[in-house]
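1. Got a predicted structure plus its sequence, pasted below:
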Amino acid sequence: MTDLTSLTLAEARKGLAAKTFTSLELTDAHLSAIEAARVLNAFVMETPDQARDMAKAVDAKIAKGDAGPLAGIPLGIKDLFATKGVRTTACSKILGNFVPTYESTITSQLWRDGAVMLGKLNNDEFAMGSANETSCFGPVGNPWRREGSNTTLVPGGSSGGSASAVAALLCMGATATDTGGSIRQPAAFTATVGIKPTYGRCSRWGIVAFASSLDQAGPIARSVRDSAMLLRSMAGHDPKDTTSVDIPVPDYEAAIGKSVKGMKIGIPREYRLDGMPAEIEKLWSEGAAWLKAAGAELVEVSLPHTKYALPAYYIVAPAEASSNLARYDGVRYGLREKGGNINELYENTRAEGFGAEVRRRVMIGTYVLSAGYYDAYYLRAQKVRTLIKKDFEDCFARGVDAILTPATPSAAFGIGEKGGADPVEMYLNDIFTVTVNMAGLPGIAVPAGKDAQGLPLGLQLIGRPFEEETLFSLGEVIEQAAGRFTPARWW
Amino acid sequence: MSVDAATVRRIAHLARIAVSEDEVPHLQGELNAMLAFVEQLSEVNVEGVEPMTSVTPMQMKKRQDVVDDGGIADDIVRNAPATEGHFFVVPKVVE
């Protein structure tokens, strides 16, 4: 029998249905892989007992022929998702030993459909970061290394644990969240597939909030098909989230293999940056050529406000974060530091509990919302956001079905290499992904090739609101043309 | 626009984050780097543009005005650092 961890989710589903192996066997194979890969620091909490219990229960259901669409599939869960009875920290010291008494809507839907939880995955503290270096549990290692080098690289962030674990074959898929690129950028850095669905497609209930008008959950998986299977279970209306949309969830998997003939693909000229590495440029034209060969029509489009998306994001996201993170006060849960009065208690708790990046963003957010600055910063940024969204709307109104861009401006870099002196250097990682969050659109990152050093690179497809199916069809074309990429094991 | 040391201290207090004197210059530098980066937004013409208030155009959902959850006081205080019965305990607030 081949190593069970090397199967895709779709292949594992077949094997389970044919009773070639059990969920317990599949789960055990992944638990051993996790144990052997602790050097990657992808998991911040392993839950082997719970995983085996869940696997046994689902095996009994499979035997009875009463199994859900993800029956027996072992998954990793980003530590931003509340899991009942299992410590949830958002990888922040301020949540301490927080053990939720409730389950997030998304994870409860995954368990409803038969998935098995292997444990909780590392991420940037409160999902604030692009390299998974701000976690209170320390950085995550990327299973990919430069050819002939022993330097450990970052897996991207904030869903770095999710991407690393999926790429290293520690879980068959993972939940992730994306506020400015936190699903798509790590997917691109690790040769995995990540989709951020349309804002409102997945419930945010039970996910630790960062910037509520931008946050959206989605899967990271080993193939386009796997990501479609996972999104189907994750998506859906939830009355507990007022921004969750009440429209039916399509069978995303049915979109895989569907013809893309006649689809109009926009190539936005503003994404061609000065000083962009030639190999990214090359990958982008290759991707366009693959889609053209599959019958799609390429058109140059313009999204004139692209360059303003990142600066506007760094007003809107910190502003919302400063408001969302006001709840961490040392009173109701998590860490508490002593203080002579209530204000000192708050101030000492938050100084001790928040890491440097979170503190910086909460402070900038507080500033841009403070009296006298609100109009100049926050209000202006929200107006710019309207213009960014309108750029996309104009483009789609001209009949464009999807937009093709590079996923990131570079391949993965070394731990500690970026953002040391100037935080903005790190923020530039999200330059191609952040526009999508600002406009609330769906975006998928698909592995498309490697750079000269042997590191994976990804392409991004941006779709119309609630047309994730188009992205799956087009993503599959890229995957078929580019092939799949697996890192050589060194851990 | 840029912030001075006094403003950094004022923001820290508004954000309820204790900041020691020797951290102020460093924080001031980082905050000013971010403010310099977002400065380019001032070149965008936003005359007559509505600020975005809803990402997806939708009617705000309203639920029935009924109690549909509750009776979970044990759960609510379970993770609190200091409690007495079903109360959160804090330092004396009212003299």
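-> Looks like it came in fine. Quick caveat, the model's predicted, so the values are computed rather than measured.
2. Show me the strands in the chain, by range?
-> I went with chain A, as the question did not name one. A:43-46, A:74-78, A:116-121, A:173-178, A:193-196, A:216-221, A:264-268, A:297-301, A:402-406, A:443-450, A:456-463 (DSSP state E).
3. other chain: chain B
-> Going by DSSP E, chain B shows strands at B:83-84, B:87-88.
4. Save the strands of chain A as JSON lines, and put in distance to A:Leu9 too.
-> (Each C-beta comes from the backbone N, C-alpha and C, glycine too.) Shown next, in JSON lines, are the strands of chain A (distance: least, CB to CB, whole Å):
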{"stretch": "strand A:43-46", "distance to A:Leu9": "19"}
{"stretch": "strand A:74-78", "distance to A:Leu9": "9"}
{"stretch": "strand A:116-121", "distance to A:Leu9": "12"}
{"stretch": "strand A:173-178", "distance to A:Leu9": "6"}
{"stretch": "strand A:193-196", "distance to A:Leu9": "11"}
{"stretch": "strand A:216-221", "distance to A:Leu9": "6"}
{"stretch": "strand A:264-268", "distance to A:Leu9": "27"}
{"stretch": "strand A:297-301", "distance to A:Leu9": "31"}
{"stretch": "strand A:402-406", "distance to A:Leu9": "24"}
{"stretch": "strand A:443-450", "distance to A:Leu9": "16"}
{"stretch": "strand A:456-463", "distance to A:Leu9": "19"}
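5. what's the closest of those to chain B?
-> strand A:216-221 (9.3 Å; CB to the nearest CB).
6. Using CSV, list the CA coordinates for stretch A:175-192.
-> Taking C-alpha atoms only, stretch A:175-192 is exported to CSV below (Å, rounded to 0.1, in the frame of the first residue of the first chain):
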residue,chain,number,x,y,z
THR,A,175,-8.8,25.6,7.5
ALA,A,176,-7.4,29.0,7.0
THR,A,177,-8.4,32.7,7.1
ASP,A,178,-7.6,35.6,4.8
THR,A,179,-7.8,39.3,5.7
GLY,A,180,-5.3,40.6,3.2
GLY,A,181,-3.8,37.5,1.6
SER,A,182,-3.4,35.1,4.5
ILE,A,183,-4.7,32.1,2.6
ARG,A,184,-3.4,32.8,-0.9
GLN,A,185,0.2,34.0,-0.1
PRO,A,186,1.1,31.0,2.1
ALA,A,187,-0.5,28.7,-0.5
ALA,A,188,1.8,30.2,-3.2
PHE,A,189,4.9,29.9,-0.9
THR,A,190,4.3,26.2,-0.3
ALA,A,191,2.8,24.9,-3.7
THR,A,192,-0.6,24.3,-2.2
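7. Show me what the mean pLDDT comes to for it.
-> For stretch A:175-192, mean pLDDT is 98.
8. For the residue of the stretch 101-250 of chain A found nearest chain B, which non-adjacent residue is spatially closest?
-> The nearest approach of the stretch 101-250 of chain A to chain B comes at A:Thr101, 4.0 Å away (CB to the nearest CB). Of all residues not flanking A:Thr101 in the chain, B:Asp75 sits nearest, at 4.0 Å (CB to CB, 6 or more residues apart in numbering or on different chains).
9. With A:Pro409 instead?
-> Going by CB to CB, 6+ apart, A:Pro409 has A:Ile431 as its nearest residue, at 5.8 Å.
10. Can you get me a residue count around the one you found?
-> 22 (other CB atoms under 10 Å in any protein chain shown).
11. residues of stretch A:75-95 that come out buried?
-> A:75-83, A:86-95 (16 or more other CB atoms under 10 Å in any protein chain shown).
12. Pull the contacting residues for A:Phe137.
-> Applying CB atoms under 8 Å, 6 or more residues apart in numbering or on different chains to A:Phe137 gives the contacts A:41, A:44, A:91, A:122.
13. For the nearest residue to A:Leu31 once chain neighbours are set aside, give its distance to chain B.
-> Leaving aside its sequence neighbours, A:Leu31 sits nearest to A:Pro48 (CB to CB, 6+ apart; 5.1 Å). Relative to chain B, A:Pro48 is positioned 24 Å away (criterion: CB to the nearest CB, to the nearest Å).
14. Isn't the residue of the stretch 101-250 of chain A closest to chain B up against B:Ala73?
-> No - taking CB atoms under 8 Å as the definition, A:Thr101 is not a contact partner of B:Ala73, at 11.2 Å.
15. Going by contacts, tell me the helices and strands next to the longest helix seen in chain B.
-> Secondary structure of chain B per DSSP state H: the longest helix is helix B:24-38. The contact analysis (3 or more CB pairs under 8 Å, 6 or more residues apart in numbering or on different chains; DSSP states H and E) places helix B:24-38 against helix A:309-324, helix A:356-369, helix A:423-427, helix B:5-14.
16. Once you drop chain neighbours, what's closest to the most centrally placed residue in chain B?
-> Centroid-nearest residue in chain B, with CA atoms, centre = their mean: B:Ala15, separated by 6.9 Å. Leaving aside its sequence neighbours, B:Ala15 sits nearest to A:Thr366 (CB to CB, 6+ apart; 4.2 Å).
17. and that neighbour, what does it touch?
-> A:Thr366 sits next to A:322, B:11, B:14-15 when contact means CB under 8 Å, 6+ apart.
18. One more: A:Ala63?
-> Contacts of A:Ala63 (CB under 8 Å, 6+ apart): none.
19. Need the pLDDT of it.
-> Reported pLDDT for A:Ala63: 93.
20. One more: A:Gly419?
-> Residue-level confidence at A:Gly419 comes out at 78, pLDDT.
21. try A:Met1
-> In this prediction A:Met1 is given a pLDDT of 45.
22. do the same with A:Met426
-> In this model, A:Met426 is scored at 86, pLDDT.
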